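1. Dropping a prediction and its sequence here:
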Protein chains: 2
Amino acid sequence: MQTKYLLDESRMPKFWYNIQADLPAPAPAVLHPGTLQPVGPDDLAPLFPMELIGQEVSTEREIEIPQPVRDVYRAWRPAPLYRAHRLERALGTPAKIFYKYEGVSPAGSHKPNTAVAQAFYNQKAGVKRLVTETGAGQWGTALSYAGALFGLQVEIFQVRVSYDQKPYRRAVMETYGARCVASPSRETAFGRSVLEKTPDHPGSLGIAISEAVELAVQREDTKYALGSVLNHVLLHQTIIGLEAMEQLQMADEWPDVVVGCTGGGSNFAGIAFPFIGHGLRGGAKPRIVAVEPAACPSLTRGKYAYDFGDTGRMTPLTKMHTLGSQFTPPGFHAGGLRYHGMAPLVSHCRQLGLLEAVAYNQVECFEAGVLFARNEGIVPAPEANHAVKGAIVEALRCKREGRAETILFNLCGHGHFDMSAYQKYFAGELTDEHYDEKELAMALAGLPSVPA
Amino acid sequence: MQTKYLLDESRMPKFWYNIQADLPAPAPAVLHPGTLQPVGPDDLAPLFPMELIGQEVSTEREIEIPQPVRDVYRAWRPAPLYRAHRLERALGTPAKIFYKYEGVSPAGSHKPNTAVAQAFYNQKAGVKRLVTETGAGQWGTALSYAGALFGLQVEIFQVRVSYDQKPYRRAVMETYGARCVASPSRETAFGRSVLEKTPDHPGSLGIAISEAVELAVQREDTKYALGSVLNHVLLHQTIIGLEAMEQLQMADEWPDVVVGCTGGGSNFAGIAFPFIGHGLRGGAKPRIVAVEPAACPSLTRGKYAYDFGDTGRMTPLTKMHTLGSQFTPPGFHAGGLRYHGMAPLVSHCRQLGLLEAVAYNQVECFEAGVLFARNEGIVPAPEANHAVKGAIVEALRCKREGRAETILFNLCGHGHFDMSAYQKYFAGELTDEHYDEKELAMALAGLPSVPA
């Protein structure tokens, strides 16, 4: 038997939690790539509406969730928290395992928490069109959904290899009314320049970002939207942890360990930051564990340094754990975790000793995901399988040590659009992917030099 | 803005509603195909555990939902009821549109409502293995999920053409630990006999049923499970309508019209029977509208007659609206509605004038589904699109007539595993499918003759 802890709607948080208010030291400034001086709001204005830029740098602890955003959230929020009784029994652990489930959103992941907020602020600022990039498609799906609800046109540059291989994801985005373009495309100068050199280029997230940014800068009525990494994106995700706190109190529990998977860092920050902040303000401090893919291990193998957010070196420079913007992650299945860098705020917390990081390979993560599905009934997304794996490792440690700890993890999405990966797993065709050590060394050597 | 009506867990129904208690005349008896005499419990004992056979013929109004079943239900139940404010505005209708959403179950449809119950009763009776058939895979997924939770081995004969074309659905079933076999298979005498004649036979639901039944009868520890049509299956689905009643009362509403899509009849009965029963006991009587695919129109074009449940003519004879067991529905996308017959209890209600039936083609249903997705954020399954279409037709009638009626429909599942159909729709490649009038006439002429 599972136990479900469902908050009454009246108790859905009315504020996001901003960890910048509680950090013992502020995160390093974001730098202009040309001047190497801190960027100001005006530098970002072509890309984002002013309210989001304000959230990017705010040090206010609580930022109100606008009523229209809460009205949309209520379609699936408060999201359930489950106690995984069956999984605990299957593992024979004395630990109590709780998971917050974000797959109940219409887009099937945590991404709408920020997509809806971003669509709202853009609409309010008079923006007519949002452009973005997507790889596997979770983010593109969420922004398409949010755009439909706020009457915004959404245009998505999808990495060509995903565009061709995952037509179903594209069909979801089109169902929500978005326009999906294979990147590199002929619709931007940058896309055309890539295609001239390599007509059959498979695309990359870096190229897709450059195309989206180019369009956003060109047109007055168009802005850019990003699904992770940035401070305001992480902020919007904190509703996950805030709800989980209230739900754990319903269960009379408090976590000893909080686990999340990390790609760009947004779902992890969503569950972890409220708990980290609670600790910073003098409350009980759970251990915080970030789980990343061994094939793209920015937190465990990357360098903490200033780097570009994209391969095309067009974005501002942020200080983060990075594998180098020229590093190409191998093609493992958790597409949402295939990013060379880590959110600056997550990286900063790591530097401050506020969190731990571990890395696992994909086969062991799918094993964990299948065990989870057979006991808890939910088929996790490949990204979420990393969090499941992390939680299981902690539960088995508790078993060895005979400790009845309370473990909380974030199940950030379902795997309904990723069944080809499970299919390969069952066919015995799924293997671990490994990056090239030499390529990593080169990418790290190529980091931009920024005077201290 | 949507409004969500969520029942507190404590108000989740503890009883299923059995319409057989309230019908003014009992449904015609089920006949043994050999003797043409009414079947008794012993005839069905090789296939089903005694408690399910008892439910099949019970006339008790309320049948208790066993505690272990309720414990599993709670993973996703009570399911939400939504008021579709956005869709209403998009249609410009004075009608209030409510929908009950069953896609929140781990299997993504209403099917687990009965799969979990069937797994429970079988486990209680000492059964070790359940066999069933599946076409598109909704039912197979639900039974795999339920089997995993109750420690039952699940074996699924999947129609070969679906097995080959929909490997992702199979991957879900395998993730839950079920074994999936392409039908016709070499594992049964019947399957082998088909393959001998036609080695590359694409399979059919009828053949898959015969294979599953053959295995169930052969082995002491094995029973058969059916996902629709039978009385006990419809009974388990009534939790949908019972919850909706309570939720509408929260909203201070009562429906003027209740709409559901019909294939075998189980999700339709689930939402409709509690309201029909309420009317039969003297309460307010909403209009009840069954929406079926125009390409497989058993209620609107079929004959009310005794017929076999399968193409192989191995099942008992039931009186129902049927297109003839030899009728092959064309290959439209709502695989869950491709059945030649209709649940005997739904058919009986139609005969008693307790419900209306309409039929729509698939392109207009997908149009309705896309409009729904863009306004309500949920991408419906192709089956559910028929209910959406039916509700929209009622809402537009209200607009013409200037009536602020209250419409309730059942959104029985999401379309995450059916995006290839949406893809075809957006590519302009989706067309209406039509059955062959001559084939229908022949199938109807071939109905078994049963003396009145």
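-> Everything's here; your move.
2. Just want the most central residue of chain A.
-> Nearest residue to the geometric centre of chain A (C-alpha atoms, centre = their mean): residue A:266, 3.5 Å.
3. What separation do you get for it and residue B:55?
-> 48 Å (C-beta to C-beta, to the nearest Å). Quick note: C-beta positions are derived from backbone N, CA and C, even for glycine.
4. and if you look at residue A:47?
-> Per C-beta to C-beta, residue A:47 is found 61 Å from residue B:55.
5. who has more neighbours, these two?
-> residue B:55 (23 against 20; other C-beta atoms under 10 Å in any protein chain shown).
6. tell me the contacts of the residue nearest to the centre of chain A?
-> Applying C-beta atoms under 8 Å, 6 or more residues apart in numbering or on different chains to residue A:266 gives the contacts A:110, A:111, A:114, A:227, A:228, A:229, A:233, A:234, A:237, A:343.
7. switch the cut-off to 6 Å
-> Residue A:266 makes contact with A:228, A:233, A:234, A:237 under the criterion C-beta atoms under 6 Å, 6 or more residues apart in numbering or on different chains.
8. before we move on, what about residue A:435?
-> Per C-beta under 6 Å, 6+ apart, neighbours of residue A:435: A:295, A:330.
9. now with 8 Å?
-> A:295, A:296, A:323, A:327, A:329, A:330.
10. Which of those are buried, as a ChimeraX select command?
-> Buried members of those can be picked out in ChimeraX with the line below, counting by 16 or more other C-beta atoms under 10 Å in any protein chain shown:
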select /A:295,296,323,327,329
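11. Now render the contacts of residue A:266 as JSON lines, adding neighbour count, pLDDT and secondary structure.
-> Listed next are those as JSON lines, based on neighbours: other C-beta atoms under 10 Å in any protein chain shown; pLDDT from 0 to 100; DSSP: H, G, I helix; E, B strand; the rest coil:
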{"residue": "A:228", "neighbour count": "25", "pLDDT": "93", "secondary structure": "coil"}
{"residue": "A:233", "neighbour count": "29", "pLDDT": "98", "secondary structure": "helix"}
{"residue": "A:234", "neighbour count": "30", "pLDDT": "98", "secondary structure": "helix"}
{"residue": "A:237", "neighbour count": "29", "pLDDT": "98", "secondary structure": "helix"}
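12. of these, closest to residue A:93?
-> residue A:237 (28.1 Å; C-beta to C-beta).
13. Show me what from the stretch 251-400 of chain A comes close to chain B.
-> Neighbours of chain B within the stretch 251-400 of chain A, by C-beta under 8 Å from any C-beta of the partner chain: A:370, A:373, A:374, A:375, A:377, A:378, A:379.
14. so which of those is the most crowded?
-> Going by other C-beta under 10 Å, residue A:379 tops these with 28 neighbours.
15. Phi, psi for that residue please.
-> Main-chain torsions, residue A:379, degrees, to the nearest 10: phi -90, psi 110.
16. residues in contact with the closest residue to residue A:266 other than its chain neighbours?
-> In this structure, residue A:266 finds its nearest non-sequential neighbour in residue A:228, 4.1 Å apart by C-beta to C-beta, 6 or more residues apart in numbering or on different chains. Neighbouring residues of residue A:228 by C-beta under 8 Å, 6+ apart: A:139, A:234, A:263, A:264, A:265, A:266, A:339, A:343.
17. mind giving me the domain ranges of chain A?
-> Taking automatic domain parsing as the reference, chain A has its domains at A:3-12+A:64-108+A:232-445, A:112-226.
18. lowest-confidence helix or strand of chain A?
-> helix A:160-165 (a mean of 85; mean pLDDT, DSSP states H and E).
19. Now it: buried residues?
-> Within helix A:160-165, the residues that qualify as buried are A:160, A:161, A:162, A:163, counting by 16+ other C-beta under 10 Å.
20. Around chain B, which positions in the stretch 101-250 of chain A sit nearby?
-> A:104, A:106, A:108, A:145, A:148-149, A:167-172, A:174-177.
21. Show me which pair in the residues you listed is furthest apart.
-> The widest separation within those (C-beta to C-beta) is 25.0 Å, between A:104 and A:167.
22. Can you show me the strands along the stretch 1-150 of chain A?
-> With strands called from DSSP state E, counting those that start in this stretch, the stretch 1-150 of chain A shows them at A:3-5, A:15-17, A:62-64, A:81-83, A:96-101, A:129-134.
23. Would you format the buried residues of helix A:160-165 as TSV with distance to residue A:304 included?
-> Shown next, in TSV, are those (distance: C-beta to C-beta, whole Å):
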residue	distance to residue A:304
A:160	32
A:161	30
A:162	30
A:163	34
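24. Longest helix in chain A, by number of residues?
-> Longest helix in chain A, counting residues (DSSP state H): helix A:382-401.
25. List of residues touching the helix or strand hosting residue A:374?
-> Secondary structure from DSSP states H and E places residue A:374 in helix A:362-376. Applying C-beta under 8 Å, 6+ apart, the contact partners of helix A:362-376 are A:2, A:82, A:84, A:86-87, A:89-90, A:99, A:293, A:295, A:332-334, A:378-380, A:382, A:384-386, A:388-389, A:392, A:415, A:421-422, A:425, A:430-433, B:148, B:175-177.
26. Filter those residues down to just the ones in helices.
-> Reading helices off the contacts of helix A:362-376 with DSSP H, I get A:86-87, A:89-90, A:382, A:384-386, A:388-389, A:392, A:421-422, A:425, B:148, B:175.
27. Comparing the strands of the stretch 1-150 of chain A, which comes out most buried?
-> Of all these, strand A:129-134 carries the top mean neighbour count, a mean of 26, counting by mean count of other C-beta atoms under 10 Å in any protein chain shown.
28. how about that one as PDB, C-alpha atoms only?
-> Provided in PDB are the C-alpha atoms of strand A:129-134 (Å, rounded to 0.1, in the frame of the first residue of the first chain):
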ATOM      1  CA  ARG A 129       5.600  35.300 -29.300                       C
ATOM      2  CA  LEU A 130       8.000  33.100 -27.300                       C
ATOM      3  CA  VAL A 131      10.900  31.200 -28.900                       C
ATOM      4  CA  THR A 132      12.900  28.500 -27.200                       C
ATOM      5  CA  GLU A 133      14.900  25.400 -27.900                       C
ATOM      6  CA  THR A 134      14.200  21.800 -27.000                       C
END
